[in-house]
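Asker: no sequence for this one, just the structure:
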């Protein structure tokens, strides 16, 4: 490249609404905890399993930084936060990763975000 290129990654989970996204993302803390404690990554817990096994305060503290930096919500919610991330970092590119219990939820998350991102791009181009 002729000039530096900045790529920033973000853990993202998008659903039709904020509440559904939060439910689908509920297992993230336990999954990150399993990696950070050296036990090895567990399969990403489904929402019911995550609800039945909440993290202790100590466990939550171990993963707090990862929980605080996720982008979880409805398409507009997540796109707004990603636009802010891109603005404050000067990123030329965003690398979006999504992890959920069900593959279909990952695919839906990516599709919802792609539609929202494309709609925002069209709006920017039109103005």
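Answerer: Looks like it came in fine. Treat the numbers as computed from the prediction; the structure is a model and nothing was measured. Residues are numbered from 1 along each chain as shown.
Asker: what comes up buried for stretch 56-67?
Answerer: Of the residues in stretch 56-67, those buried by neighbour count under the rule 16 or more other CB atoms under 10 Å are 59, 63, 66. Heads up, the C-betas are built off the backbone N, CA and C, glycines and all.
Asker: okay if I get those residues as JSON lines plus secondary structure and pLDDT?
Answerer: Compiled in JSON lines, the buried residues of stretch 56-67 are given as follows (DSSP: H, G, I helix; E, B strand; the rest coil; pLDDT from 0 to 100):
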{"residue": "59", "secondary structure": "helix", "pLDDT": "95"}
{"residue": "63", "secondary structure": "helix", "pLDDT": "96"}
{"residue": "66", "secondary structure": "helix", "pLDDT": "95"}
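Asker: Go through those residues and name the one nearest residue 7.
Answerer: The shortest gap between residue 7 and any of these belongs to residue 66, at 19.0 Å (CB to CB).
Asker: Correct me if wrong: the closest one contacts residue 30.
Answerer: No. Contact criterion CB atoms under 8 Å: residue 66 and residue 30 do not qualify, at 11.5 Å.
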